[in-house]
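Student: Here is a sequence together with a model predicted from it:
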Amino acid sequence: MSEKNRDGKRMARDRLAAEREKQRAAEKRRRALIVGASVVCVLGLAAVIGIVAANRGKDKNSASSGPVVAPSGAQGKDSLAIPVGKDGAKATLTVWEDFRCPACQAFETAYRPTLHELVDSGKLRIEYHLATLIDGNLGGSGSRHAGNAAACAQDVGKFRDFHDVLYENQPKETDDAFSNDDKLIALAGKVDGLVTPTFEKCVRNGTHNAWVVKSNEAFQAGNFGGTPTVLLDGKNIYQDQTMTPAKLKQLVEDANKG
């Protein structure tokens with residue numbers, strides 16, 4: 001074998017070894033980031049009250065800038081629940097959610113067709129409660145602004161449609177895109193008849209911001225582990241590792257037989 005061929009093969013082996021080392025280093029960094037993010041999330045849960053309080057004065061539409069105004073039709077204690085479905089339904093699903101939360105989006109993606117079917121058939125009523133967990137953990141105000149916009153949609157009876165649009169267009173968890181009211185209003189354009197001068201004013205003025213923050217305070221007081229928290233007639237079903245849309249549907253069907 002010529003010296004030139006040996007040098008060429010040696011250089012190829014060196015390049016391959018360097019590339020493998022680069023990949024190992026990248027994987028090590030990726031794992032470290034995942035672990036770090038998990039730690040920040042856990043720490044954020046403990047610190048969320050302090051962070052939100054510290055940031056209140058930094059946003060012209062902050063919670064302290066106006067009174068607590070519940071959206072039209074809100075129910076429950078302190079009018080913090082947005083109901084979807086018939087009041088007389090025999091099964092009630094309580095959902096604590098954050099529009100910036102990836103796990104909430106995953107739940108919505110998997111369960112939405114089943115939830116719509118059960119609600120539309122009159123067998124299930126859903127009570128949505130809004131939280132701002134990601135704002136507290138990662139900073140920003142997208143959770144609150146999106147929650148306010150959803151409450152503005154509730155004022156005109158279009159909460160469910162806009163709720164679904166928000167999850168279908170959820171930005172990355174670290175992207176505070178929902179803090180931009182122009183973006184929220186643009187997304188509202190996907191819901192027929194939602195964008196009106198009244199809706200835009202509600203969104204831009206942060207009419208329900210203080211209500212969203214009060215809802216988040218109730219979420220914290222409930223000592224829930226995170227979002228989404230999903231309760232069927234008071235029982236936490238999201239913690240059930242065997243839960244599926246089909247199983248949830250059967251539970252609701254059983255409740256309607258009683």
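Tutor: Cool, got the structure. Keep in mind that this is a model prediction, so the values were computed, not measured.

Student: which residue ranges form the strands in the stretch 1-150 of the chain?
Tutor: Assignment of strands within the stretch 1-150 of the chain using DSSP state E, counting those that start in this stretch yields the ranges 82-84, 91-97, 124-130.

Student: Next one: the closest residue to residue 234 other than its chain neighbours relative to residue 229, how far apart?
Tutor: With Cβ to Cβ, 6 or more residues apart in numbering as the criterion, residue 234 has its nearest non-adjacent residue at 7.6 Å, and that residue is residue 94. For the C-beta atoms, the positions are set from N, CA and C on the backbone; glycine is no exception. Computed as Cβ to Cβ, to the nearest Å, the residue 94 to residue 229 distance reads 8 Å.

Student: The nearest residue to residue 79 once chain neighbours are set aside: how many residues sit nearby?
Tutor: Spatial nearest neighbour of residue 79, chain neighbours left out: residue 70 (3.8 Å); criterion: Cβ to Cβ, 6+ apart. Burial measure for residue 70: 21 neighbouring residues, criterion other Cβ atoms under 10 Å.

Student: does residue 207 count as helix, strand or coil?
Tutor: Applying DSSP: H, G, I helix; E, B strand; the rest coil to residue 207 yields a three-state assignment of coil.

Student: State the distance from it to residue 68.
Tutor: When distance is defined by Cβ to Cβ, residue 207 is 11 Å away from residue 68.

Student: Settle it for me: which of the two has more neighbours?
Tutor: Under the criterion of other Cβ under 10 Å, the comparison of residue 207 against residue 68 puts residue 207 first, with 21 against 16.

Student: Could you pull up the contacting residues of that one?
Tutor: For residue 207, the contact set (Cβ atoms under 8 Å, 6 or more residues apart in numbering) comprises 66, 69, 148, 151-152, 201.

Student: Please narrow those to those residing in helices.
Tutor: Here DSSP state H is the test, and the contacts of residue 207 give 148, 151-152, 201 as lying in helices.

Student: List buried residues within those.
Tutor: Neighbour counting over the ones in helices among the contacts of residue 207 (16 or more other Cβ atoms under 10 Å) leaves 148, 151-152 as the buried ones.

Student: And those, which is closest to residue 194?
Tutor: Using Cβ to Cβ, residue 152 is the member of those that sits closest to residue 194, with 8.8 Å.

Student: Contacts only, for the closest one.
Tutor: Taking Cβ under 8 Å, 6+ apart as the criterion, residue 152 is in contact with 71, 199, 202-203, 207-208.

Student: follow-up on the earlier one: residue 75: which of the strands of the stretch 1-150 of the chain is closest?
Tutor: Of all the strands of the stretch 1-150 of the chain, it is strand 82-84 that lies closest to residue 75, at 5.3 Å by Cβ to Cβ.

Student: For residue 90, give its distance to residue 124.
Tutor: Here the distance between residue 90 and residue 124 works out to 8 Å (Cβ to Cβ).

Student: Between the two, point out the one with more neighbours.
Tutor: More crowded of residue 90 and residue 124, by other Cβ under 10 Å: residue 124, with 28 against 16.

Student: check contacts around the closest residue to the more buried one other than its chain neighbours.
Tutor: Here the nearest residue to residue 124 in space, its sequence neighbours aside, is residue 118; by Cβ to Cβ, 6+ apart that works out to 3.7 Å. The neighbourhood of residue 118, defined by Cβ under 8 Å, 6+ apart, consists of 91, 124, 249, 252.

Student: swap the cut-off to 10 Å and go again
Tutor: Residue 118 makes contact with 85, 89, 91, 93, 111, 124-126, 245, 248-249, 252-253, 256 under the criterion Cβ atoms under 10 Å, 6 or more residues apart in numbering.

Student: still on that earlier bit, dump the strands of the stretch 1-150 of the chain into a markdown table; add distance to residue 103 and mean pLDDT as well.
Tutor: Putting the strands of the stretch 1-150 of the chain into a markdown table (distance: least, Cβ to Cβ, whole Å; pLDDT from 0 to 100) gives the following:
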| stretch | distance to residue 103 | mean pLDDT |
| --- | --- | --- |
| strand 82-84 | 20 | 98 |
| strand 91-97 | 9 | 98 |
| strand 124-130 | 15 | 98 |
